[in-house]
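>>> Structure of the sequence below:
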Amino acid sequence: MKSTLKISSVLILSVLIIAGLAACGQKPVTAEEVTRAEAITDNLIEGIEKRDYAVFSKDFDLNMQEAMKEPNFIELADLFDETIGEYQSRTLIESRRILNAGTVLMPFTYQAKYDKDPGTVTITVYLTEKDAALLIAGFSYDSPTLQEKGLPEK
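Sure thing, here's the model as predicted:
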């Protein structure tokens, strides 16, 4: 029993060390990637503001194209119009590169201002790279106002 516990402890410690070294080996997000992410985020927000699905979904990866169809987009745009209102501005607060199930994801998190929301809206855009292009693999909007209202069901 004692040797099994010792082997388990060594294995767990080894996994943690390898995971830590792998995280250290990840290169940071570059200034060019931040610039590209800003343009992609602009499209996402502009598409919602103008109710233009083509602009909104322009940078989606295949999974996002399947997950977020135009009827879902219209529900989302309606919810945002009712709850948080019109987009005003945003500030990038965090960007990083993470390895998730063998895929590199780059979450870009912004604090945004909207005219109907008294606080800040946190927008996170998850980008992945395919054939040298950055694509949206997911995104989220969060604020107390949105949490009160709830997101539309798919």
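>>> in the protein, which ranges drop under the pLDDT threshold?
Applying pLDDT under 70 to the chain flags residues 1-26, 150-154.
>>> So which elements touch whichever helix or strand residue 77 is part of?
For residue 77, the element it lies in under DSSP states H and E is helix 70-83. Judged by 3 or more C-beta pairs under 8 Å, 6 or more residues apart in numbering; DSSP states H and E, helix 70-83 is in contact with helix 31-50, helix 53-56, helix 144-149. Placement of C-beta: from N, CA and C, glycine included.
>>> buried residues in the last one?
Burial within helix 144-149, assessed by neighbour count using 16 or more other C-beta atoms under 10 Å, is assigned to 145-146.
>>> Near residue 101, how many other residues are there?
Applying other C-beta atoms under 10 Å, we find 5 residues neighbouring residue 101.
>>> hang on, I meant residue 63
For residue 63, using other C-beta under 10 Å, the count is 13.
>>> and it, that's in a helix?
Yes. The assignment for residue 63 is a helix, going by DSSP: H, G, I helix; E, B strand; the rest coil.
>>> just to revisit the earlier point, would you list the helices and strands packed on helix 70-83 in CSV and tack on distance to residue 116?
As requested, the helices and strands packed on helix 70-83 are exported to CSV (distance: least, C-beta to C-beta, whole Å):
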stretch, distance to residue 116
helix 31-50, 13
helix 53-56, 20
helix 144-149, 7
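>>> between those, which one is nearest to residue 103?
helix 31-50 (15.5 Å; C-beta to C-beta).
>>> Quick check: residue 146 touching residue 121?
Yes. Shown here, residue 146 and residue 121 form a contact pair, counting by C-beta atoms under 8 Å, at 7.2 Å.
>>> Now do the shared contacts for these two.
residue 84 (C-beta atoms under 8 Å, 6 or more residues apart in numbering).
>>> contacting residues for the residue lying closest to residue 56 once chain neighbours are set aside?
Leaving aside its chain neighbours, residue 56 sits nearest to residue 47 (2.5 Å; criterion: C-beta to C-beta, 6 or more residues apart in numbering). Applying C-beta under 8 Å, 6+ apart to residue 47 gives the contacts 53-58, 73.
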